[in-house]
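Trainee: following is a predicted model, sequence given first.
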Amino acid sequence: MELAPYERLVDGFHWRIPTDVNLGVAVCAHHPASKVAVVVTDGREVTREVTFGELLRDANRLANALRARGIEAGDRVGIALSQRPETVVAHLATYRLGAIAVPLSTRFGSDALAVRIESSDPKLVLAEEEALERLAQLGVPTIDVDLALPDLLAAASDRFAPVGTGPDTPALLVYTSGTTGAPKGALHGHRVLHGHLPGFELSHDFFPQPGDVLWSPADWAWMGGLFDVLMPGLYHGRPVVAFRTTRFDPEQAAELIERLGVRNVFMPATALRLMRSAGGRRLSLRTVASGGEMVGEETATWCEEQLGARLNEFYGQTEANLLLGNCVAWPAKPGSMGRAYPGHDVRLVDGELTVGVEQDPVAFLGYWRDPDATADKVRDGRLHTGDLATVDDEGYFTFLGRTDDLISSAGHRIGPGEIEECLVRHPAVALAAAIGVPDPVRHQVVKAFVVTSPGVVSSQALVTELKDLVRARLAAYEVPREIDFVDDLPLTVSGKIRRSALREQEAARRAGAGAGEGT
């Protein structure tokens with residue numbers, strides 16, 4: 001009997017990881033020097049095109065300059081840069097040295113930077129203006145990429161022999177987004193790119209295809225921007241658009257996609273919802289991929305109608321990314337995260353998503369200098385994600401929520417994602433978040449925080465409409481007992497809702513209210 005497309009992809013799949021592999025070589029050394037790698041834009045026009053030859057030449061020069069400053073194999077090099085060619089050069093140079101790259105968002109405040117700098121202890125940080133002052137306060141040596149880097153490159157040799165590294169040689173230290181507790185450093189080996197390739201290629205419907213051009217608003221300091229877009233795109237020799245911005249603007253995003261002929265996008269769920277809320281022009285994308293938060297049926301339908309491509313949702317974590325997802329090769333199921341991509345052994349253990357790590361190159365090597373946290377995360381050869389899900393007979397997984405985001409009400413286990421997606425179905429709602437708050441009878445009840453669409457005024461009538469919507473589409477126990485209208489929601493730099501911050505704010509508010517009642 002002939003196998004279905006999904007079964008054909010999975011049947012007989014095995015990883016082909018080179019014994020000798022270096023990310024600084026694997027990403028771009030095999031492409032023609034004249035081929036365009038990075039397209040730089042100001043949001044409207046192309047301001048610069050950088051070739052693979054230029055990237056490799058500057059990476060060799062930077063590797064020599066860093067070595068002259070005492071950087072050796074195993075040392076950490078911080079990269080506090082936005083979407084720009086120098087970010088790619090910094091990564092390639094660090095990998096070619098055998099050192100460990102530590103991506104740092106330029107949007108991090110002093111406290112967020114301090115935690116990561118103290119933990120990773122970099123010998124040096126390459127940074128741009130937005131981060132330099134905060135880094136100087138931490139006493140870490142820096143290179144100003146705008147003022148000092150050009151002269152450093154000009155003075156260095158463009159010949160450099162990459163340090164020999166293997167699949168498990170540490171290459172990348174990416175910190176978790178801190179949605180639950182303090183951020184932890186997930187250490188990845190040089191195998192990490194090859195681990196991402198199957199999921200990346202399938203989430204973009206058999207990438208690459210002629211004419212493909214990639215862009216994402218996701219920060220290149222985040223695993224999503226770095227290894228769901230930038231590195232695999234370059235590996236496949238397709239141009240990646242670099243756009244430096246501090247804030248996602250849905251209308252500007254649509255204009256950028258149209259003007260630059262972008263064909264493939266990775267959009268966090270929040271960005272897609274903002275684009276949908278803003279309306280705007282129709283686009284003709286080949287692929288739309290999303291991960292990090294559940295998008296949902298309503299927004300998925302909008303993607304196909306307005307963006308011109310089926311939405312392929314996928315699932316992963318900083319510790320093990322692009323594990324599950326969708327592709328044109330198999331039907332999408334509304335609300336699901338899709339099936340396991342080839343090579344990944346994903347199973348539920350007591351309702352929690354887990355993945356086997358022993359043969360999986362996308363899995364992290366462990367948490368940086370934290371064996372106890374690593375042992376808690378990886379047990380009996382399986383990485384425990386902390387995410388709850390269900391799986392059907394065809395292998396489609398549906399996300400329920402984080403174990404710590406789960407709302408327990410009158411014996412019901414409620415995932416916030418389903419409620420949030422239901423709320424954003426209402427045209428008056430741009431964004432929504434749901435948490436559990438204490439209740440003397442039910443243990444917890446649902447409270448929702450809503451950002452209204454532009455021009456919408458909050459009212460008690462809207463509160464009633466939203467409650468009725470959830471009651472009609474979900475269940476009575478999932479109806480928010482309270483709804484607060486807010487100007488914005490706390491988000492991580494990767495665009496995920498920080499429900500832990502909402503819970504903390506709510507706990508502080510209730511404690512303050514209680515103290516006031518007692519005075």
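Mentor: Alright, I've got the coordinates. Computed from a predicted model, the values in this text were never measured in an experiment.

Trainee: skipping its backbone neighbours, what lies nearest G338 in space?
Mentor: Leaving aside its sequence neighbours, G338 sits nearest to N326 (C-beta to C-beta, 6 or more residues apart in numbering; 3.8 Å). C-beta: built from backbone N, CA, C; applies to glycine.

Trainee: can you list the domains in the chain?
Mentor: 16-398, 405-517 (automatic domain parsing).

Trainee: quick one: distance of stretch 286-299 to the chain centre.
Mentor: In terms of C-alpha atoms, centre = their mean, to the nearest Å, the centre of stretch 286-299 is set 13 Å apart from its chain centre.

Trainee: and stretch 501-508, what's its mean pLDDT?
Mentor: In this model, stretch 501-508 has an average pLDDT of 90.

Trainee: before we move on, the earlier item: out of the domains of the chain, which is closest to P5?
Mentor: Minimum separation from P5 across the domains of the chain (C-beta to C-beta) falls at domain 16-398, 4.1 Å.

Trainee: first-to-last residue distance for that closest one?
Mentor: 30 Å (C-alpha to C-alpha, to the nearest Å).

Trainee: stretch 213-233 too?
Mentor: End-to-end span of stretch 213-233 (C-alpha to C-alpha): 9 Å.

Trainee: ditto for stretch 400-410
Mentor: So stretch 400-410: terminal residues 17 Å apart, C-alpha to C-alpha.

Trainee: isn't A37 right up against V240?
Mentor: Yes: under the criterion of C-beta atoms under 8 Å, A37 makes contact with V240 at 7.1 Å.

Trainee: coming back round to it: next one: phi and psi at the residue nearest to G338?
Mentor: Phi and psi for N326, reported as degrees, to the nearest 10, are phi -120, psi 170.

Trainee: scan this structure for its longest helix.
Mentor: helix 499-517 (DSSP state H).

Trainee: assumed E298 was part of a helix.
Mentor: Yes: using DSSP: H, G, I helix; E, B strand; the rest coil, the assignment for E298 is a helix.

Trainee: tell me the SS of the spatially most central residue of the chain?
Mentor: Centroid-nearest residue in the chain: G224, 3.0 Å away (criterion: C-alpha atoms, centre = their mean). When classified by three-state DSSP, G224 comes out as helix.

Trainee: for it, give me its contacts.
Mentor: Neighbour list for G224: S216, A218, F266, P268, G291, G292, N321, S494 [criterion: C-beta atoms under 8 Å, 6 or more residues apart in numbering].

Trainee: what's the answer for E128, then?
Mentor: A80, L81, S82, R84, T106, D144, V145, D146.

Trainee: most neighbours of all those, which one?
Mentor: Compared across the contacts of E128, A80 has the highest neighbour count, 30 neighbours, by other C-beta atoms under 10 Å.

Trainee: so that residue sits right up against L135, yeah?
Mentor: Yes: the criterion here is C-beta under 8 Å, and A80 meets it with L135 at 6.6 Å.

Trainee: what touches both of these two?
Mentor: Residues touching both A80 and L135 by C-beta under 8 Å, 6+ apart: L113, V125, A127.

Trainee: where does the stretch 51-200 of the chain dip in pLDDT?
Mentor: For the stretch 51-200 of the chain, applying pLDDT under 70 flags the ranges 177-181.

Trainee: swap the cut-off to 50 and go again
Mentor: Applying pLDDT under 50 to the stretch 51-200 of the chain picks out residues 179-180.

Trainee: where do the strands of it begin and end?
Mentor: For the stretch 51-200 of the chain, applying DSSP state E, counting those that start in this stretch gives strands covering 76-80, 100-103, 124-127, 142-144, 170-175, 185-189.

Trainee: and E465, which of the ones you listed is closest to it?
Mentor: Across those, closest to E465 is strand 170-175 (C-beta to C-beta), at 40.3 Å.

Trainee: other residues contacting the closest one?
Mentor: Against strand 170-175 from outside (C-beta under 8 Å, 6+ apart): 23, 74, 76, 95, 100-103, 116, 119-120, 165, 183-190, 192, 222-223, 226, 318, 365, 368.

Trainee: excluding chain neighbours, what is closest to Y477?
Mentor: Nearest residue to Y477, sequence neighbours excluded (C-beta to C-beta, 6+ apart): H412, at 4.9 Å.

Trainee: what about that neighbour, how many neighbours?
Mentor: Close neighbours of H412, defined as other C-beta under 10 Å, add up to 14.

Trainee: just list whatever residues bridge to it.
Mentor: Beta bridges link H412 to S409 when assigned by DSSP bridges.

Trainee: return the residues in contact with E465.
Mentor: By C-beta under 8 Å, 6+ apart, the contact set of E465 is H426, A428.

Trainee: same check on the one 10 residues further on?
Mentor: Remark: with contacts taken as C-beta under 8 Å, 6+ apart, A475 is in contact with H412.

Trainee: please apply the same query to Y6.
Mentor: So Y6 contacts A329, W330, R339 (C-beta under 8 Å, 6+ apart).

Trainee: which SS state does it fall under?
Mentor: helix.

Trainee: switch the contacts of G224 over to a markdown table; also include pLDDT, distance to V391 and secondary structure.
Mentor: Converted to a markdown table, those look like this (pLDDT from 0 to 100; distance: C-beta to C-beta, whole Å; DSSP: H, G, I helix; E, B strand; the rest coil):
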| residue | pLDDT | distance to V391 | secondary structure |
| --- | --- | --- | --- |
| S216 | 97 | 28 | coil |
| A218 | 92 | 27 | coil |
| F266 | 97 | 25 | strand |
| P268 | 87 | 24 | coil |
| G291 | 88 | 18 | strand |
| G292 | 77 | 20 | coil |
| N321 | 97 | 19 | coil |
| S494 | 63 | 25 | coil |
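
Trainee: that older thread, which one of the shared contacts of A80 and L135 is nearest to V424?
Mentor: Using C-beta to C-beta, these come closest to V424 at L113, 32.5 Å.

Trainee: mind checking how far that closest one is from A221?
Mentor: 11 Å (C-beta to C-beta, to the nearest Å).

Trainee: so what sits against both of these two?
Mentor: When contacts are counted by C-beta under 8 Å, 6+ apart, the set common to L113 and A221 consists of A80, L104.

Trainee: for L23, grab phi and psi.
Mentor: Backbone torsions of L23, given as degrees, to the nearest 10, read phi -60, psi -30.

Trainee: what is the neighbour count of the closest residue to it other than its chain neighbours?
Mentor: Leaving aside its sequence neighbours, L23 sits nearest to Y95 (C-beta to C-beta, 6+ apart; 4.0 Å). When neighbours are defined as other C-beta under 10 Å, Y95 has 28 of them.

Trainee: pretty sure Y95 sits against H190.
Mentor: Yes: Y95 lies in contact with H190 (C-beta under 8 Å); the separation is 7.1 Å.

Trainee: shared neighbours of the two, anything?
Mentor: Listed as contacting both Y95 and H190 by C-beta under 8 Å, 6+ apart are N22, L23, T165, A171.

Trainee: contacts only, for the third one.
Mentor: Contacts of T165 were listed using C-beta under 8 Å, 6+ apart, and they are D20, V21, N22, Y95, G98, A171, H190.

Trainee: compare these and tell me which has the most neighbours.
Mentor: Y95 (28 neighbours).

Trainee: the helices in the stretch 151-300 of the chain, which residues?
Mentor: With helices called from DSSP state H, counting those that start in this stretch, the stretch 151-300 of the chain shows them at 192-203, 223-225, 231-235, 250-260, 269-278, 297-302.
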